[in-house]
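Asker: sharing a model prediction with you, sequence too.
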Amino acid sequence: MNQYTPSDGLINLLVENGFREVTEQYFPHSHVRLELKGEAYHPAYFQRAFRYGTGTALIILNYLTIRVLYRTYVLAESRRLAEDEAQSIISFCKLPAKQQGVLATQISNLSSLMAVVHPNKKIEAPVAKSFYAVKS
């Protein structure tokens, strides 16, 4: 199973799925360095933004973190995405803006985003390591 981090691989996945880059609007400094100066993309030094349609959720590659925003709310945030997580984010972003607005109220993290997009799929929450700690 593929894992995605802020990289050219994730950018290619987004572009192949119809997303357009809106870095110029949100991060003009990064846009100037990438497009006008021709610097190579390195996630530790650049921020980038992608959107599927007008008024829909925004995917931001905020240095080494991947964020999904709807309006000003961070719906999900992660440093790496499994393939099914990436597909859930893409599916959510392709929904009409009104539907995203309704569903955004039910989303507080990546697991809840996946549950909203794929309601029939059971998402198992990870168990904290402290849960297994033996008490003496």
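Answerer: Happy to help now that I have it. Residues are numbered from 1 along each chain as shown.

Asker: please export the C-alpha coordinates of the longest helix anywhere in the chain as PDB.
Answerer: Ranked by residue count and defined by DSSP state H, the top helix of the chain is helix 83-94. In PDB, the C-alpha atoms belonging to helix 83-94 read as follows (Å, rounded to 0.1, in the frame of the first residue of the first chain):
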ATOM      1  CA  GLU A  83      -3.600   5.200   0.000                       C
ATOM      2  CA  ASP A  84      -7.100   4.900   1.300                       C
ATOM      3  CA  GLU A  85      -6.800   8.100   3.400                       C
ATOM      4  CA  ALA A  86      -5.600  10.000   0.300                       C
ATOM      5  CA  GLN A  87      -8.500   8.600  -1.700                       C
ATOM      6  CA  SER A  88     -11.000   9.600   1.000                       C
ATOM      7  CA  ILE A  89      -9.600  13.200   1.000                       C
ATOM      8  CA  ILE A  90      -9.900  13.300  -2.800                       C
ATOM      9  CA  SER A  91     -13.400  12.000  -2.700                       C
ATOM     10  CA  PHE A  92     -14.400  14.500  -0.100                       C
ATOM     11  CA  CYS A  93     -12.900  17.400  -2.100                       C
ATOM     12  CA  LYS A  94     -14.800  16.300  -5.200                       C
END
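
Asker: what sits up against it?
Answerer: With CB atoms under 8 Å, 6 or more residues apart in numbering as the test, helix 83-94 has contacts from 1-4, 10, 13-14, 17-19, 51-53, 56-57, 59, 68, 75-76, 78, 81, 100, 103, 110, 113-114, 116-118. For the C-beta atoms, the positions are set from N, CA and C on the backbone; glycine is no exception.

Asker: narrow those residues to just the buried residues.
Answerer: Among these, those buried by neighbour count (16 or more other CB atoms under 10 Å) are 4, 10, 13-14, 19, 51-52, 56-57, 59, 68, 75-76, 78, 81, 100, 103, 110, 113-114, 116-117.
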